[in-house]
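In: sequence and predicted structure are below.
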Amino acid sequence: MVASDPIVAEATTDRPLSLWRDAWDEMRRSKLFWLAVALITVFVAMALVPGLFAPKDPYACPLAEARTAPSGEHWFGTDVQGCDVYTRTIHGARASILVGVLTTLGTTALGGLIGVISGYVGGWVDTLLSRVGEVFFAIPLLLGGIIILYSFPSSTDTPYLVVVAKVVAALVILGWPSLARLMRSSVLQVKPNEYVQAARALGASPWRIITQHILPNSLAAVLSVATINLGTYIAIEATLSFLGIGLQPPTISWGISISEASGLGYVQTAPWMLAFPSLFLSLTVLAFIMMGEVIRDALDPKLR
């Protein structure tokens, strides 16, 4: 008789509630989410298979065609070396997005690990790690990146991956404290909960408690901030390359293209050299920031 009760039957067929499932249901109803997904998909595809969008050789630069205005042959015009701006803009997505993704993964992994250890262990370990984090946190990210990369310069003979690794390493070294502090605070909020205390009382190991109970319930805030930071790191890479101490030619990136386009007189005589790489850079940064905002709103019930 009880099983025939429609209310009970409906309750038993419902899926169990989950923060991540609720967040997904919230995100997929957002138009901003799908706009961000569309933009990120396009830019990631550009980074993975640039030849699909621009079959021309980005290093083919006939000087006779230097500073040609946009036309049917050169959609975005050409730069001072005669290189096709459209082709180099498409190929520039790889280095810029690669730096942003690797830096985000590095800062999230390092900051998350330090934050979990600091929040879970506590005591003098928490104090020591917090003080170390404050030292790095006090160094401005851009200024610190300039100092590190200036101390370990790259040349035109430096392999592509080594140049990228230097920029990523500099940003990871300086960017982890913010995520470590965020993860530490999340762990301190989750740690006193009853299910964590019950797992400890049943004899669960610290590793199991962290991986099965604390970490899954502490990632929400870190995930949203890391997504926003990804766009920020792409912008910082462009800034460092613009200053001539980030990625170096012959590597192609949006920052390098913007730097080359900002030379004396080029902004007035060939504005397309600056406009298109800047536009693609701005849209990429905006797409990841929008995605981070959507994730934050979906994972934080107070903001709904």
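Out: Here it is on my side, so go on. These figures come from a predicted structure and were not determined experimentally.
In: and Leu52, how far from Ile209?
Out: 46 Å (CB to CB, to the nearest Å). All C-beta atoms are positioned from the backbone trio N, CA, C, and that covers glycine.
In: which of those two has more neighbours?
Out: Ile209 (19 against 10; other CB atoms under 10 Å).
In: which SS state does the more buried one fall under?
Out: Classification of Ile209 by DSSP: H, G, I helix; E, B strand; the rest coil places it in helix.
In: ok, now which ones touch it?
Out: By CB atoms under 8 Å, 6 or more residues apart in numbering, the contact set of Ile209 is Val196, Ala199, Arg200.
In: quick one: which of those is nearest Arg181?
Out: Val196 (20.6 Å; CB to CB).
In: so what touches stretch 186-203?
Out: With CB under 8 Å, 6+ apart as the test, stretch 186-203 has contacts from 115-116, 118-120, 208-209, 212-214, 217-222.
In: of those residues - the most surrounded one?
Out: Gly115 (28 neighbours).
In: how about the contacts made by it?
Out: Counting by CB under 8 Å, 6+ apart, Gly115 touches Leu179, Ala180, Arg181, Leu182, Met183, Arg184, Ser186, Val187, Val222.
In: and it, how close does it get to Pro159?
Out: The gap separating Gly115 from Pro159 is 33 Å, by CB to CB.
In: ok, back up a step: most surrounded residue in the contacts of Gly115?
Out: That'd be Ala180 among the contacts of Gly115, by other CB under 10 Å, with 29 neighbours.
In: gap between the helix or strand harbouring it and the chain center?
Out: Remark: Ala180 resides in helix 160-190, with elements defined by DSSP states H and E. On the basis of CA atoms, centre = their mean, to the nearest Å, helix 160-190 sits 11 Å off its chain's mean C-alpha point.
In: stretch 32-50 now?
Out: Here the centre of stretch 32-50 is set off from its chain's centre by 13 Å, with CA atoms, centre = their mean.
In: same check, this time on stretch 269-280
Out: 24 Å.
In: and if you look at stretch 152-170?
Out: 19 Å.
In: check which residues of that stretch are buried.
Out: Ser154, Val163, Val164, Lys166, Val167, Val168, Ala169, Ala170 (16 or more other CB atoms under 10 Å).
In: check stretch 131-151 too.
Out: Gly133, Phe136, Phe137, Leu141, Gly144, Gly145, Ile146, Ile148, Leu149.
In: between the longest helix along the chain and helix 160-190, how many degrees?
Out: Looking across the chain with DSSP state H, the single longest helix is helix 85-121. Following axes from the mean of the first three to the mean of the last three CA atoms, to 10 degrees, one obtains 40 degrees for the angle between helix 85-121 and helix 160-190.
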